[in-house]
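K.L.:
With the sequence up front, the predicted model follows.
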Amino acid sequence: MTDKKEEKKRLEFRPAGARKFYAPDRDLLGLMPAILKAAIRLADIYVDPKILTDEAVKDLVDVAGSVYTDSLELIPAEKVLENFHTGLGKLDPVVQAQFMRGVVDGLMLGYVNSIRDAAEKPILTEQQLASSMISLSLLSFMNPDEQERLKAAAAMSGALTSSFGEATGLFELIKAEDANKE
């Protein structure tokens, strides 16, 4: 399991049509400005000040910001990228390389952490699995005696094992339940 501080570094993607952020600090739409800002800052640190003058920094910020402003226009996405690359091409190659390295590093680190989150297997007790099965299924509509009989049958069939919870997606549902309780 990850701790709360490490969890903040994870990327999440918003499905098409979704209005809500899953976690604004991990949603790609919210995270990308931070990645761009970090890439500009890294360029400012690592590129010789004779090459990355104050004017060049302003130009770099304008190029990075143009993706956002151009995205708000009613132009094709390919044109937004073309404008970005045209603006970037006007900068010194050393600045371009350092900036793009910062962007790629930020995205790759987020991707690596997202993969690790997706592959992480939470450790759940049999009681947590049973409780979740009750609250998330038809069992919640049954009387307690029937629930106990079905829980015993589920335990004997292996339906309360961790592998069953993993295969059926119960881990995700239990995490969601726990998050709602907090």
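P.N.:
Now that the structure is in, tell me what you want to look at.

K.L.:
Which positions in the longest helix anywhere in the chain come out as buried?
P.N.:
Assignment by DSSP state H gives helix 93-119 as the longest helix of the chain. Across helix 93-119, burial judged by 16 or more other C-beta atoms under 10 Å covers 95-96, 98-99, 102-103, 106-107, 110, 113-114, 117. C-betas here are computed from N, CA, C, even on glycine.

K.L.:
got a markdown table for the residues you listed, with distance to residue 73 and pLDDT too?
P.N.:
Shown next, in a markdown table, are the buried residues of helix 93-119 (distance: C-beta to C-beta, whole Å; pLDDT from 0 to 100):
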| residue | distance to residue 73 | pLDDT |
| --- | --- | --- |
| 95 | 25 | 96 |
| 96 | 24 | 96 |
| 98 | 28 | 95 |
| 99 | 23 | 96 |
| 102 | 26 | 93 |
| 103 | 22 | 94 |
| 106 | 25 | 89 |
| 107 | 24 | 88 |
| 110 | 27 | 78 |
| 113 | 32 | 73 |
| 114 | 30 | 70 |
| 117 | 34 | 64 |
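
K.L.:
Could you tell me how many residues sit around residue 44?
P.N.:
By other C-beta atoms under 10 Å, 16 other residues sit near residue 44.

K.L.:
Tell me who's in contact with it.
P.N.:
When contacts are counted by C-beta atoms under 8 Å, 6 or more residues apart in numbering, residue 44 touches 52, 57.

K.L.:
circling back: for the longest helix of the chain, name the packing helices and strands.
P.N.:
helix 28-46, helix 54-71, helix 77-89 (3 or more C-beta pairs under 8 Å, 6 or more residues apart in numbering; DSSP states H and E).

K.L.:
now do 7 Å
P.N.:
Applying 3 or more C-beta pairs under 7 Å, 6 or more residues apart in numbering; DSSP states H and E, we find helix 93-119 packed against helix 28-46, helix 54-71.

K.L.:
That one to helix 28-46, inter-axis angle?
P.N.:
Per axes from the mean of the first three to the mean of the last three C-alpha atoms, to 10 degrees, the angle that helix 93-119 makes with helix 28-46 is 140 degrees.

K.L.:
tell me the domain boundaries of this protein?
P.N.:
4-119, 126-181 (automatic domain parsing).

K.L.:
Model confidence score at residue 77, please.
P.N.:
Listed pLDDT for residue 77 reads 91.

K.L.:
how near is it to residue 88?
P.N.:
Applying C-beta to C-beta, to the nearest Å, the value for residue 77 to residue 88 is 16 Å.

K.L.:
list the contacts for residue 94?
P.N.:
By C-beta atoms under 7 Å, 6 or more residues apart in numbering, the contact list for residue 94 reads 47, 51.
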